[in-house]
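# Any chance you can model this:
(one chain, ligands or ions: 2)
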Amino acid sequence: MMEANVNGTNQPAKVEIAGEEVIVVSNIPQIEVSEKAREVKPEAGVKLDVRHVNFYYGSKQALSNVTLPIRERQVTALIGPSGCGKTTFLRTLNRMNDLIPGTRIEGEAIMDGDNIYGTGIDVIRLRQRVGMVFQRPNPFPSSIFDNVAYGLRVQRKSGHSITETVEESLRRAVLWDEVKDRLKAPAQGLSGGQQQRLCIARALAVKPEVLLMDEPCSALDPIATLKIEELITQLSENYTIVIVTHNMQEAARVSQFTGFFLSGKLVEYGPTVDIFKHSKVKETEDYISGRFG
Ligand SMILES: Nc1ncnc2c1ncn2[C@@H]1O[C@H](COP(=O)(O)OP(=O)(O)O)[C@@H](O)[C@H]1O
Ligand SMILES: [Mg+2]
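Ligands and ions are numbered 1, 2, ... in the order given. Next up is the predicted model:
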């Protein structure tokens, strides 16, 4: 008789088939939770406290009663099948959805004591504090230097401080050594992975506190993906990070907390280790083990 781990447990499942006890061999891949995922800082404060958020595109409700703490200087991964509202939720965290006509939000997200949905909020400033990196690297059609300097020029910083911050940001994004000799070259000439790190450097230049990343590796090859994942781990020492990913191995590699969305609802949230190893909700377990999605 064959034995196997079934879905990540050490207990082989025993079932009866035609009166005989059989040990089930499962081909469901086990998700390895990294050491990084286990580095939960119990003292980590809540950077963005999202409470009872509903979101509507016109009459269509895309998020229902989402309550979720985004922990400071930790990585929170958002997972769930396509169309479940991950991108919509991410965009509620810096009010990017405001740019889409006919949308409406209810609930609150408290950052440092203020509700970011409040009327007195400076949205431009909010988007500097809560920066965003998109699925496809989207450098501006200008030089490597000018891409990173963009937000600093908007802020009317001086030439000397711009030069300094551009270098610092490129170093933080682990791109400096690859581009320092061609800062005036077009950003479009970089590889996909380099472009994504450039977009991260551009976001870092305006000194954000939170970094939102919407499937930042989905357009990249495995080596570039690994580099971005290492960078995320490194950045989480200084920044609060929220990453959307359809890749569960990635969530288990980079995040300490995971939220699972389904049809606009947050079905389960908790430490990544708990979500992947001891999920309490059947839908989560089904999704993680690849039974749908
Ligand atoms: N600009 C939009 N206008 C109308 N509906 C939208 C818009 N963007 C997304 N939606 C809808 O909202 C739901 C959630 O979408 P999205 O947040 O993009 O999901 P995910 O990122 O999980 O794939 C989907 O039903 C999608 O069709
Ligand atoms: Mg999406």
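# Every contact and neighbour count from this point should use C-alpha atoms.
OK.
# Which parts of this protein are strands?
14-17, 20-23, 46-57, 60-71, 75-79, 103-111, 114-115, 130-133, 210-214, 240-244, 257-262, 265-271 (DSSP state E).
# neighbouring strands for the shortest one, and are they parallel or not?
Strand 114-115 has its sheet partners listed here by DSSP bridges as strand 103-111 (antiparallel).
# of all the strands of the chain, which lies closest to residue 94?
Each of those was scored for nearness to residue 94 using C-alpha to C-alpha, and the closest is strand 130-133 (5.7 Å).
# Which neighbouring elements make contact with the closest one?
Contact analysis of strand 130-133 by 3 or more C-alpha pairs under 8 Å, 6 or more residues apart in numbering; DSSP states H and E lists helix 192-205, strand 210-214 as its packing neighbours.
# can you list those in JSON lines and add mean pLDDT?
Shown next, in JSON lines, are the helices and strands packed on strand 130-133 (pLDDT from 0 to 100):
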{"stretch": "helix 192-205", "mean pLDDT": "96"}
{"stretch": "strand 210-214", "mean pLDDT": "98"}
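# Ligand 1 contacts on the chain?
57, 62, 82-88 (C-alpha under 6 Å from any ligand atom).
# If you rank these by neighbours, which is first?
In terms of neighbours by other C-alpha atoms under 10 Å, the residues of the chain next to ligand 1 top out with residue 86 at 30 neighbours.
# before we move on, the earlier item: for residue 118, which of the helices and strands packed on strand 130-133 is the nearest?
So among the helices and strands packed on strand 130-133, strand 210-214 is nearest, using C-alpha to C-alpha, at 18.5 Å.
# Please enumerate residues in contact with the closest one?
Contact with strand 210-214 is made by 87, 90, 129-135, 203, 239-245, as judged by C-alpha atoms under 8 Å, 6 or more residues apart in numbering.
# Now the stretch 151-293 of the chain against ligand 1: closest residue?
Closest to ligand 1 within the stretch 151-293 of the chain is residue 264: 6.9 Å, counting by C-alpha to the nearest ligand atom.
# Let me know whether that residue touches residue 82 as I believe.
No. Residue 264 is beyond contact range of residue 82, at 10.8 Å (criterion: C-alpha atoms under 8 Å).
# among the residues of the chain next to ligand 1, which two are most distant?
Pairwise over the residues of the chain next to ligand 1, using C-alpha to C-alpha, the maximum falls at 57 and 82, 16.8 Å.
# Next, name the residue at the spatial heart of the protein.
residue 243 (0.4 Å; C-alpha atoms, centre = their mean).
# correct me, but residue 86 touches residue 243?
No. Using C-alpha under 8 Å, residue 86 is not in contact with residue 243; the gap is 9.5 Å.
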